[in-house]
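Engineer: Task: produce atomic coordinates for the following.
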Amino acid sequence: MKIKNELRNMTLATTIGLLITGCAPGNSSTGTVSSGFKMTAGSAPATVALNQKPSLFNLLINQAMALVPTSIQDSAGSPVVLSSAWTVIKEIEFKSGEVAGAEDSEIEIEFKGPYVVDLLSNMPLVLDTQLIPQKSIQRIKMKLHQTAVLPAGAPAGLLNNSIFVAGTIAGRNFTFQLNDSTTIQIAGPSSFQPSENSQLMVQIQLANIFKQINMSTVVNNEVISASNRHSGASLCPSIDASASDIYTCMRKGLEKHAKFGKDNDGDNVLTPNDSSVN
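Structural biologist: Predicted coordinates:
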């Protein structure tokens, strides 16, 4: 009888334990993993690779770079040739929900920065590496940052701006100088989990951005900035139908034409074989 009671108590305890486990949230903590974060850009899926030891200057501002875009056109089919493209971001956060309010607060690990990214360099770097909870990620938030310090090689036009782009459109020189300091968010219906030594990546498709913007009215040597946004009609309807200037088109395009995921196979390109949110 005593043995039966003990067996009955053991069975009850096991059942309660299973019920508790079954009722626990599916996204429970499973520890942390060391993961890197990198940023790419290009006309086709861009690549990024190799972490480097920071110089003394980079102890203050980290740099990351990606490969040069090859073939770019605007929405009218005019050729765009870029000679410089830089951005500065900070306060990078990973979220477990596609929309605000749906996320697990425990995943909100932040890469602080600021990080200066030369999008046209052929020597790309990893932005940072940190310990991240091994939980599902479905969204990333990155704050654009107006830099007050320029790293070696950065153009003067980046000073006090968060984005600087220079090049030609059909042979006419132009520059973008965006001093936006708002937050870019990239999300999608899918999610992925970071793993030990995994590389999380944002891939900005510069060619897709320019392909959606009509730059036919840009004049030679024009500087598009907060004080000269270059207003017009139907400049980028596929990016934002309400946008009334190229300044806004470029800013919105950075968010719309970007992918965020995990480079599963280590080839430094987000492909269908990799995990991504969009």
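
Engineer: a strand runs through Gly253, doesn't it?
Structural biologist: No: judged by DSSP: H, G, I helix; E, B strand; the rest coil, Gly253 forms no part of a strand; its state is helix.

Engineer: Can you spell out which helices and strands pack onto the helix or strand where Lys90 lies?
Structural biologist: In this structure, Lys90 is located in strand 79-95 according to DSSP states H and E. Under the contact definition 3 or more Cβ pairs under 8 Å, 6 or more residues apart in numbering; DSSP states H and E, strand 79-95 sits against strand 32-41, strand 72-73, strand 110-111, strand 115-118, strand 137-144, strand 163-169, strand 183-192, helix 206-211. All C-beta atoms are positioned from the backbone trio N, CA, C, and that covers glycine.

Engineer: Any chance of CSV for these, columns mean neighbour count?
Structural biologist: Rendered in CSV, the data for the helices and strands packed on strand 79-95 read as follows (neighbours: other Cβ atoms under 10 Å):
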stretch, mean neighbour count
strand 32-41, 22
strand 72-73, 18
strand 110-111, 18
strand 115-118, 26
strand 137-144, 22
strand 163-169, 22
strand 183-192, 17
helix 206-211, 23
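
Engineer: Just grab the bridge partners of Ile163 for me.
Structural biologist: On DSSP bridges, the residues paired with Ile163 through beta bridges are Thr87, Leu178.

Engineer: from memory it sits against Leu178, does it?
Structural biologist: Yes: counting by Cβ atoms under 8 Å, Ile163 does reach Leu178; the two are 4.0 Å apart.

Engineer: between the two, what contacts are shared?
Structural biologist: By the contact definition Cβ atoms under 8 Å, 6 or more residues apart in numbering, Ile163 and Leu178 are jointly contacted by 144, 250-251.

Engineer: Out of these, which is nearest to Leu120?
Structural biologist: Met250 (15.6 Å; Cβ to Cβ).

Engineer: That closest one against Val218, yeah?
Structural biologist: No: taking Cβ under 8 Å as the contact criterion, Met250 and Val218 are not neighbours in contact, 11.8 Å apart.

Engineer: intersection of neighbour lists for these two?
Structural biologist: Common contacts of Met250 and Val218 (Cβ under 8 Å, 6+ apart): Ile224.

Engineer: distance of Met201 from Asn273?
Structural biologist: 13 Å (Cβ to Cβ, to the nearest Å).

Engineer: Same drill for those two, tell me which one is more crowded.
Structural biologist: More crowded of Met201 and Asn273, by other Cβ atoms under 10 Å: Met201, with 26 against 10.

Engineer: pretty sure the more buried one is touching Ala41, no?
Structural biologist: No: contact status for Met201 versus Ala41: not in contact, 11.2 Å apart, counting by Cβ under 8 Å.

Engineer: Thanks again, I'm all set now.
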